[in-house]
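J.: here is my input, please return the structure:
(one chain, ligands or ions: 1)
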Amino acid sequence: MTPALQLQGINKRYGALHVTRDVNLELQPGARHALIGPNGAGKSTLVHLITGLVPPSSGKMWLGGELLTGRTPERRVKLGLGRTFQINSLFGKLTVGENVGLALAAAHGVDGSMGRPLQHRPELMDEAAQLLSSLGLIDLVGRTVNDLAYGQRRLVEIALALALRPKVLLLDEPVAGVPSTEGKRLFELLERLPPDVATLVIEHDMELVFRFAKQITVLVEGAVLLEGPVDEVRSSKLVRDVYLGGGRHP
Ligand SMILES: Nc1ncnc2c1ncn2[C@@H]1O[C@H](COP(=O)(O)OP(=O)(O)OP(=O)(O)O)[C@@H](O)[C@H]1O
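T.: Predicted structure coming up:
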């Protein structure tokens, strides 16, 4: 089967600093994969390399068999690379349903300026409601984004990313800053992600990682220390010593 996402021999150097070291990574369609590692391990850099924000010093990557390396971030999105939007990309004065409707308009190639097409495209609003329902977020459809709590906005960001029908979804620290009272909904949403979308989550929260992921890659000093099924990584003495053993990562 063609992998949904494949990284081969990815290196990134900043001058003498070698921050990504010969990283190989493969996600099959529908994968639930977590990338973990101590602070400074190079997780964010790897995300930037995948999204195209920074170019690799060497190595290649593919999405569904299509070469990603050398392509712009926008082109990568068109090829099916989804990632959570930053909060400031939500339209605060519009409802959640309208925000998702606009993302769907973009996905369908309809002009999405200022919500106007939504008035003429009730089917987009129906589709937005369907997507929100499938994710367990229909209660938010009529809420104005500016009135939402931080954790609720993060849920909406994931819905927006999914509106673009990605083959691969990158979730960079989805629970960071979300109060534990709101975290439960995020966990529920992750369980409802479309089964065919390969998902790579970068997260410090080990409860989320162990609940969500089937495969884990452990990155240390820019290199893959270990990759395997959750139980294997969880019980690895090497991983415990290097990563799970202390500090802020219980
Ligand atoms: N633009 C840059 N120029 C120079 N060094 C950089 C640059 N970006 C990242 N680094 C270095 O690369 C290393 C990895 O950083 P990165 O932010 O990817 O780690 P991380 O695993 O995401 O850390 P954290 O868990 O703290 O977010 C660090 O030593 C960092 O200082």
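
J.: from here on, just use CA atoms for contacts and neighbour counts.
T.: Fine.

J.: helices and strands of this structure: which one bottoms out on pLDDT?
T.: Within the chain, no helix or strand scores below helix 116-120, which has a mean of 66 by mean pLDDT, DSSP states H and E.

J.: which regions of the chain sit below the pLDDT cut-off?
T.: 85-88, 111-117, 119, 243-250 (pLDDT under 70).

J.: just the helices in it please.
T.: All helices of the chain, identified by DSSP state H, fall at 43-51, 73-79, 96-107, 116-120, 122-134, 150-163, 180-191, 206-212, 230-235, 237-239.

J.: for those helices, which one ends up most surrounded?
T.: Each of the helices of the chain was scored by mean neighbour count; the highest is helix 96-107, a mean of 24, by mean count of other Cα atoms under 10 Å.

J.: now do the contacts for the residue lying closest to residue 171 once chain neighbours are set aside.
T.: Spatially, and ignoring its direct neighbours in sequence, residue 171 is nearest to residue 201 (4.7 Å; Cα to Cα, 6 or more residues apart in numbering). Contacts for residue 201 were tallied using Cα atoms under 8 Å, 6 or more residues apart in numbering; they are 32, 33, 34, 35, 170, 171, 172, 173, 174, 209.

J.: bridged to residue 201, which residues?
T.: residue 34, residue 171 (DSSP bridges).

J.: quick check: residue 50 vs the ligand, distance?
T.: 12 Å (Cα to the nearest ligand atom, to the nearest Å).

J.: check contacts around that residue.
T.: By Cα under 8 Å, 6+ apart, the residues touching residue 50 are residue 61.

J.: quick revisit: mind checking which of the contacts of residue 201 are buried?
T.: Among the contacts of residue 201, those scoring as buried are 32, 33, 34, 35, 170, 171, 172, 174, 209 (criterion: 16 or more other Cα atoms under 10 Å).

J.: and the protein, which residues reach the ligand?
T.: 14, 19, 38, 39, 40, 41, 42, 43, 44, 45 (Cα under 6 Å from any ligand atom).

J.: now for these: which two are most distant?
T.: 14 and 38 (19.5 Å; Cα to Cα).

J.: the more surrounded of the two?
T.: Legend: neighbour count by other Cα atoms under 10 Å for residue 14 and residue 38, higher for residue 38 (18 against 9).

J.: can you list the residues of the chain next to the ligand in JSON lines and add distance to residue 205?
T.: Formatted as JSON lines, the residues of the chain next to the ligand follow (distance: Cα to Cα, whole Å):
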{"residue": "14", "distance to residue 205": "28"}
{"residue": "19", "distance to residue 205": "23"}
{"residue": "38", "distance to residue 205": "12"}
{"residue": "39", "distance to residue 205": "13"}
{"residue": "40", "distance to residue 205": "16"}
{"residue": "41", "distance to residue 205": "16"}
{"residue": "42", "distance to residue 205": "17"}
{"residue": "43", "distance to residue 205": "14"}
{"residue": "44", "distance to residue 205": "15"}
{"residue": "45", "distance to residue 205": "19"}
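
J.: and which of the residues you listed is nearest to residue 52?
T.: residue 45 (10.3 Å).

J.: against residue 21, how distant is that closest one?
T.: 11 Å (Cα to Cα, to the nearest Å).

J.: what of residue 210?
T.: For residue 210 relative to residue 21 (Cα to Cα), the value is 25 Å.

J.: what's the answer for residue 93, then?
T.: 44 Å.
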